[in-house]
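> pasting the structure only:
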């Protein structure tokens with residue numbers, strides 16, 4: 001029986017690559033994003049290349065009740081989801097007090113509320129069946145505070161902490177939760193947030209390589225996987241516990257300045 005993976009933010013970047021990886025392994029898909037045209041194009045491409053079924057759900061996950069509507073649609077279609085991939089997310093650069101509050105609130109709703117609620121809706125089914133895998137796309141940003149991306153870094157800190165905590169709660173089941181922590185990656189996020197012009201994204205990883213690392217770690221049931229991090233950033237991450245916080249914050253800020 002084919003395993004069904006539900007992927008949010010599936011129309012581009014890491015989410016799109018995860019869809020191809022799962023399809024290549026013979027799994028069916030439920031693809032979720034706001035762009036109907038991109039999702040339908042992806043559906044056609046996947047179904048033509050692989051002998052699988054793809055269901056498209058067009059939804060803006062920043063909106064209230066969107067995740068409950070997704071869950072109800074899946075249940076009403078009698079689809080059993082085996083893999084939940086919470087990939088959708090976005091960021092934005094600038095000083096917190098100068099950024100539009102509506103943008104940061106939407107970021108919180110997507111990066112935290114949507115991810116948490118989808119997990120809450122599908123996880124009881126996984127536990128009842130004693131099987132299932134969850135992949136939550138976090139970021140290496142979750143490992144430290146991020147001046148000039150204060151809200152984004154904070155939301156990703158939540159994702160990593162939440163994922164690790166519920167993974168331990170499920171230690172006596174066959175359900176696993178994995179957090180994927182990419183470094184700078186060549187996606188639409190970089191362009192939309194303005195981060196593509198910063199030093200941090202000078203050596204950005206390909207979304208395909210990051211997606212593959214995340215998928216493999218999820219299948220293996222790992223807690224965390226860090227992917228797409230060049231040597232300089234690896235050294236910075238390794239030095240976090242030893243670096244005075246003010247110095248660390250200054251380093252991160254300078255990396256994100258244009």
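Structure received. Quick caveat: nothing in here was measured; it's all calculated off a predicted structure. Residues are numbered from 1 along each chain as shown.
> which strands and helices lie in contact with the helix or strand where residue 75 lies?
If you go by DSSP states H and E, residue 75 is part of helix 66-76. Secondary-structure packing of helix 66-76 (3 or more Cβ pairs under 8 Å, 6 or more residues apart in numbering; DSSP states H and E): helix 115-129. For every residue, glycine as well, the C-beta is placed using N, CA and C.
> whichever helix or strand comes after the helix it packs on pairs with which strands, parallel or anti?
For helix 115-129, the succeeding helix or strand toward the C-terminus, using DSSP H and E, is strand 132-137. Its sheet considered, strand 132-137 pairs with strand 83-86 (parallel), strand 175-182 (parallel) by DSSP bridges.
> looking at those, spot the one closest to residue 15.
strand 83-86 (7.4 Å; Cβ to Cβ).
> figure out how far the closest one is from the centre of its chain.
Centroid separation for strand 83-86 versus its chain: 9 Å, with Cα atoms, centre = their mean, to the nearest Å.
> what are the contacting residues of whatever helix or strand comes next after it?
Using DSSP H and E, the helix or strand that follows strand 83-86 towards the C-terminus is helix 101-108. The contact list for helix 101-108 (Cβ atoms under 8 Å, 6 or more residues apart in numbering) reads 62, 89-92, 96, 151-152, 155.
> what about 10 Å?
Residues from elsewhere that reach helix 101-108, judged by Cβ atoms under 10 Å, 6 or more residues apart in numbering: 60-63, 89-92, 94, 96, 99-100, 114, 149-152, 154-155, 158, 193.
> enumerate the positions of it that are buried.
Within helix 101-108, the residues scored as buried using 16 or more other Cβ atoms under 10 Å are 104, 106-108.
> strands along the stretch 151-258 of the chain, start to end?
Per DSSP state E, counting those that start in this stretch, the stretch 151-258 of the chain carries strands over the ranges 175-182, 224-227.
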